[in-house]
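Asker: sequence and computational prediction follow.
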Amino acid sequence: MLPMANLACFIRARSGLRSASTHPPPRQYAAPGHGALVIKVIMDELLKLLRRDARATHESLGRQLNQSADAIAQQIAAYEKAGVIRGYQAVLNEDELDLDMVTAVIEVKITPQREGGFNRIAGRISRFPEVRSAYLMSGAYDLLLFVEGRNLREIGTFVSEKLSPLEGVLSTSTHFMLKTYKRLGVLMQVEHSDERLSVTP
Amino acid sequence: MNDSPSLRNRLNPVVRDIPRSGIRDFFDIVSTMRDVISLGIGEPDFDTPWPVREATIFAVERGATHYSSNLGYLELRQALAQYVARHFGATYNPEHEILITVGVSEALDLALRALVQPGDEVLYHEPCYVSYRATILFAGGTPLAVPTHAANGFRLTRAMLEARCTPRTKILMLNFPNNPTGAIMSRADLEDIAAFVRERDLLVITDEIYAEMTYDTPHTSIVSLPGLRERTLFLHGFSKAWAMTGYRLGYACGPAELIEAMMKIHQYTMLCASSLSQKAALEALRRTETDVSEMVGEYRRRRNFIINAFTGMGLECHRPLGAFYAFPSVAKFKLTAQEFALKLLADEKVAVVPGTAFGNCGEGFVRCAYATSLANIEEAMKRLQRFIGKL
């Protein structure tokens, strides 16, 4: 049998893999019946394209998916209404900007609460504007937070005055981010060059 | 080129008289121009999947830099036997029925050299990959082109073969999904061809380099049909679906006697395929299923886009079902394919390849490869629409 520590590592590695390569399974909005599966597949593909480039025009998306621009607009509106699409943001290379900002990754151990489990306290923590992202994790800690502040001291203040005193927070471990190589699937440093010949058989 | 007359007379006339590839001529023109959007590139725009590149680096570190066996690493042949059995429906013994080659091009050359005797005729369908006719001639064979037509989606039929086949015909070459037309053959289409092949006792060389890239229906290989495995050489490689063109890695699967004969030529001329490329190919077979299906999904969307754009501008094009080429007709503009391509390049800086580069029956068509980014395709379609509006 595996020792517990190894098992935890194994599970963390596995869950890391999963979160990196897939996203939550899409819900089905089409009416159930014969055509439902096809519609679902097309919707999945639409989301995949939007995840890559949210600014693609409805006309271009329609041509790629063999649908009209209007049909695409309707599907996007439906996804927005259903809360599947929660917003659109630019992916910035923040290292290139002279920003007065640091990002910390904070591992948080919490006690699950009666009737609320982890959700209630995770929800409270997520509401702080400093928290850019928050995830429930398997393994040695429970929540992983990405927190932004102007400098180390500001992050320190957030941890000591807001996060740690919360009821149910057992401990925190803070790491500062130094450089971004890849974010949301986008490489920050690579310059793309096409080395192919201009006409080949 | 240095045209020293004394040397010219001493060149092998077969080689001397064969024209350079039309693609090459067109490349020479395009390469002098700037800011051209090229739909003329017959290779994937995607980077080779990272696991494959990483495996190549590891192979260098580990010192896999020596000769492999002539047939190729056994481990790779075993993995290929499994892959071919699962996806193409034919089982091969990795010990003596699979040969790893320097691309499908080498495999095709070896096969023709191993089989063709002077006077033997080799049937192949046009429009087709630029090298087929030349490779048949270099091997001393007589090429017999069978023209295919847009009206039936550039598929090959039994009637077309019957019209060209003679008692001296020995081999039928197939390439589906097809470069440059994007045509594929259904199982029923292939069954008719297979029946003809059995009746006339022909051998088949099937180049299935684009097999993973079919967009509406799954690929069928002729080798899976009854009685064909014994008379067919199956060729495939990693250039297209795995975006590994520069690795130059292909393979041939066939009856042991033919593989043995091909191996002898390969042994004396090539020795073995690059050992690094072989290591990379093994990784490609093991760990890139998702990468390949994502690339195929992207090609499918681009195919949809380009066909919808052609329809929108009134350009006639049969629906390409595989590979990454569209082959629209430009005949209605009263220009030859070559004139159309040159004028499009001069006026709008969009490169397409004249259909005649792929055989005479490609006249009136141009090949548009959608192995380039959607942004490029969108811009190229805008320019093309403007261009034909003025013709």
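Answerer: Received it, and whenever you're ready, just let me know what you need. Residues are numbered from 1 along each chain as shown, chains lettered A, B, ... in the order given.
Asker: quick check: domain ranges of chain B?
Answerer: Split into domains by automatic domain parsing, chain B comes to B:5-48+B:290-390, B:50-287.
Asker: closest point of the stretch 101-250 of chain B to chain A, which residue?
Answerer: residue B:130 (4.6 Å; Cβ to the nearest Cβ). (Each C-beta comes from the backbone N, C-alpha and C, glycine too.)
Asker: so that residue makes contact with residue A:199?
Answerer: No: the criterion here is Cβ atoms under 8 Å, and residue B:130 misses it with residue A:199 at 11.2 Å.
Asker: identify the contacts common to these two.
Answerer: Jointly contacting residue B:130 and residue A:199 under the rule Cβ atoms under 8 Å, 6 or more residues apart in numbering or on different chains are residue B:23.
Asker: which one's more surrounded, those two?
Answerer: A count of neighbours by other Cβ atoms under 10 Å in any protein chain shown puts residue A:199 above the other of residue B:130 and residue A:199, at 26 against 22.
Asker: excluding chain neighbours, what is closest to residue B:100?
Answerer: In space, and not counting its chain neighbours, residue B:100 is closest to residue B:72: 2.7 Å by Cβ to Cβ, 6 or more residues apart in numbering or on different chains.
Asker: ok, now how distant is the residue lying farthest from the centre of chain B from chain A?
Answerer: Distance from the C-alpha centroid of chain B, by Cα atoms, centre = their mean, peaks at residue B:6 (36.8 Å). Residue B:6 is 33 Å from chain A, where distance means Cβ to the nearest Cβ, to the nearest Å.
Asker: which helix or strand contains that residue?
Answerer: Counting by DSSP states H and E, the element that carries residue B:6 is helix B:5-10.
Asker: centre of the chain versus whichever helix or strand comes after that helix, how much separation?
Answerer: The first helix or strand that comes after helix B:5-10 along the chain, using DSSP H and E, is helix B:13-17. Mean C-alpha position of helix B:13-17 versus that of the full chain (Cα atoms, centre = their mean, to the nearest Å) differs by 24 Å.
Asker: give the rounded mean pLDDT of helix B:13-17.
Answerer: Averaging pLDDT along helix B:13-17 gives 93.
Asker: can you pull the buried residues of that helix?
Answerer: Residues of helix B:13-17 classed as buried: none (neighbour count, 16 or more other Cβ atoms under 10 Å in any protein chain shown).
Asker: chain center to the following helix or strand past that helix: distance?
Answerer: As assigned by DSSP H and E, the chain's next helix or strand after helix B:13-17 is helix B:22-30. Here helix B:22-30 is found 19 Å from its chain centre; the criterion is Cα atoms, centre = their mean.
Asker: swap in stretch A:92-104?
Answerer: Taking mean C-alpha positions (Cα atoms, centre = their mean), stretch A:92-104 and its chain are 18 Å apart.
Asker: check which helices and strands the strand or helix carrying residue A:80 sits against.
Answerer: Using DSSP H and E, residue A:80 sits within helix A:69-82. When contacts are defined as 3 or more Cβ pairs under 8 Å, 6 or more residues apart in numbering or on different chains; DSSP states H and E, helix A:69-82 sits against helix A:36-52, helix A:58-64.
Asker: least confident of the ones you listed, on average?
Answerer: Looking at the helices and strands packed on helix A:69-82, the bottom one is helix A:36-52 with a mean of 73.
Asker: what ranges of the chain fall below the confidence cut-off?
Answerer: In the absence of a named chain, this looks at chain A. Applying pLDDT under 70 to chain A picks out residues A:1-43, A:191-192.
Asker: wrong one, I was asking about chain B
Answerer: For chain B, the stretches flagged by pLDDT under 70 are B:1-5.
Asker: buried residues, the top helix by length along it. List them.
Answerer: With secondary structure taken from DSSP state H, chain B has its longest helix at helix B:289-312. For helix B:289-312, a neighbour-count test (16+ other Cβ under 10 Å) marks B:291-292, B:295, B:298-310 as buried.
Asker: cool, and stretch B:353-362?
Answerer: Buried, per 16+ other Cβ under 10 Å, within stretch B:353-362: B:353-359, B:361-362.
Asker: if we check chain A, which of those residues are in contact?
Answerer: The overlap between these and the neighbours of chain A (Cβ under 8 Å from any Cβ of the partner chain) comes to residue B:353.
Asker: can you give me the strands for chain A?
Answerer: Per DSSP state E, chain A carries strands over the ranges A:102-110, A:131-136, A:143-149, A:169-176, A:182-183, A:186-187.
Asker: and the first one, which strands flank it?
Answerer: Okay, so that is strand A:102-110. Sheet pairing here is set by DSSP bridges, and for strand A:102-110 it gives strand A:143-149 (antiparallel), strand A:169-176 (antiparallel).
Asker: quick one, what contacts residue B:72?
Answerer: B:98-100, B:251, B:272-273, B:278.
Asker: repeat that for 7 Å
Answerer: By Cβ atoms under 7 Å, 6 or more residues apart in numbering or on different chains, the contact set of residue B:72 is B:99-100, B:272-273, B:278.
Asker: please apply the same query to residue B:333.
Answerer: B:340, B:388, B:391.
Asker: strands of the stretch 1-150 of chain B, start to end?
Answerer: Secondary structure of the stretch 1-150 of chain B, counting by DSSP state E, counting those that start in this stretch: strands at B:37-38, B:98-101, B:121-126, B:142-147.
Asker: okay, residue A:126 and chain B: tell me how far apart.
Answerer: Going from residue A:126 to chain B by Cβ to the nearest Cβ gives 31 Å.
Asker: that residue and residue A:133 touch, don't they?
Answerer: No: Residue A:126 lies out of contact with residue A:133 (Cβ atoms under 7 Å); the separation is 8.8 Å.
Asker: between the two, which is the more surrounded one?
Answerer: Applying other Cβ under 10 Å to residue A:126 and residue A:133 shows that residue A:126 carries more neighbours, namely 15 against 12.
Asker: how much space between the more buried one and residue A:183?
Answerer: Distance of residue A:126 to residue A:183, computed by Cβ to Cβ, to the nearest Å: 20 Å.
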